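Asker: 3D model of this:
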Amino acid sequence: MKQEKLTVLSNRPLTKGVYEMKLAGDTSAFSRPGQFLNIALEGFYLRRPISVCDLDGDTITILYKVVGHGTEAMSAYGPGKELDILCGLGNGYDTSKSGQNPLLIGGGVGIPPLYGLAKALVAEGKHVTAILGFNTAEEIFYENEFRSLGADCIVATADGSAGVRGFVTDALPDNYSYFYTCGPEPMLKAVYRASKTSGQFSFEERMGCGFGACMGCSCKTVTGYKRICREGPVLEKEEILWEK
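Answerer: Next up, the predicted model:
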């Protein structure tokens, strides 16, 4: 973990309520796709944890959804704004287990970390398929960006207004070597039940500190308690214990 001052390069809406922010600065603390950063916002006590969408040299791209006063304040930040950020948080995805035909499954704002993962897997010569799940066609973002990487991209919408009608589990292909997923917990549970191989799950959780000191985001696994911010946010399928 490193504390850095990063500068906003751009901050634009992708859909109603979802924004893409590009930041410039030292990115050396990040070593894997699926890690996150924690942003200090002026006037707010707690930092905001946001997954990293992409790293390109000294530029970091994050995507976030406006869900409260903090992210609403973020949406107004313009180029040149300097932010205090904790970098390189979380364990990230392990690409060594992917096999040749990995499947990426994302829902809503769980999609951004899968973009960086797809980019890494394609660079390793893997044939990537990505399923992107949304409620409606108006919410779709980054479909073209995934395709531009060379990934096969399947869109699912709950109302059937674009792509496959239904949820991400309705779009699962028959054959894949391994899977990676990120999204809301109901989606993760559905993927857990429907998946045919081992895989890695990235969990979203409310965090106090973001680096393991407060223990506020602990969850029980088959090997004991783990902190989503420290030992996670990525957990292996075989170690997950779902709360009933």
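
Asker: on contacts alone, who are the packing partners of the longest strand seen in the chain?
Answerer: Among the elements of the chain assigned as strand by DSSP state E, the one spanning the most residues is strand 2-15. In terms of contacts (3 or more C-beta pairs under 8 Å, 6 or more residues apart in numbering; DSSP states H and E), strand 2-15 is packed against strand 18-24, strand 59-65, strand 82-89. The way it works is simple: take the backbone N, C-alpha and C, and place the C-beta from them, glycine included.

Asker: if I look at the residue lying closest to Ala40 once chain neighbours are set aside, how far off is Glu145?
Answerer: With C-beta to C-beta, 6 or more residues apart in numbering as the measure, Asp84 is the residue that lies nearest to Ala40, at 4.1 Å, once sequence neighbours are left out. With distances defined as C-beta to C-beta, to the nearest Å, the gap from Asp84 to Glu145 amounts to 28 Å.

Asker: repeat for Glu243
Answerer: Using C-beta to C-beta, we find Glu243 at a distance of 34 Å from Glu145.

Asker: higher neighbour count, the two?
Answerer: A direct count of neighbours by other C-beta atoms under 10 Å for Glu243 and Glu145 places Glu145 higher, at 19 against 6.

Asker: doesn't the more buried one belong to a helix?
Answerer: Yes - assignment of Glu145 by DSSP: H, G, I helix; E, B strand; the rest coil places it within a helix.

Asker: ok, now which ones touch Glu238?
Answerer: Remark: with contacts taken as C-beta atoms under 8 Å, 6 or more residues apart in numbering, Glu238 is in contact with 198, 222.

Asker: and the gap between it and Thr95?
Answerer: 18 Å.

Asker: which SS state does Ala118 fall under?
Answerer: Three-state secondary structure (criterion: three-state DSSP) places Ala118 in helix.

Asker: typed the wrong thing, it's Ala73
Answerer: When the rule is three-state DSSP, Ala73 gets the label helix.

Asker: and the closest residue to it other than its chain neighbours, how many neighbours?
Answerer: Beyond its immediate neighbours in the sequence, the residue positioned closest to Ala73 (C-beta to C-beta, 6+ apart) is Leu41, lying 5.7 Å away. The number of residues packed near Leu41 is 17, by other C-beta under 10 Å.

Asker: Leu41 against Ser75, yeah?
Answerer: No - between Leu41 and Ser75 there is no contact, the gap being 11.2 Å when judged by C-beta atoms under 8 Å.

Asker: packing partners for the helix or strand encompassing Leu104?
Answerer: Per DSSP states H and E, Leu104 falls inside strand 102-107. In terms of contacts (3+ C-beta pairs under 8 Å, 6+ apart), strand 102-107 is packed against helix 112-123, strand 129-134, strand 178-182.
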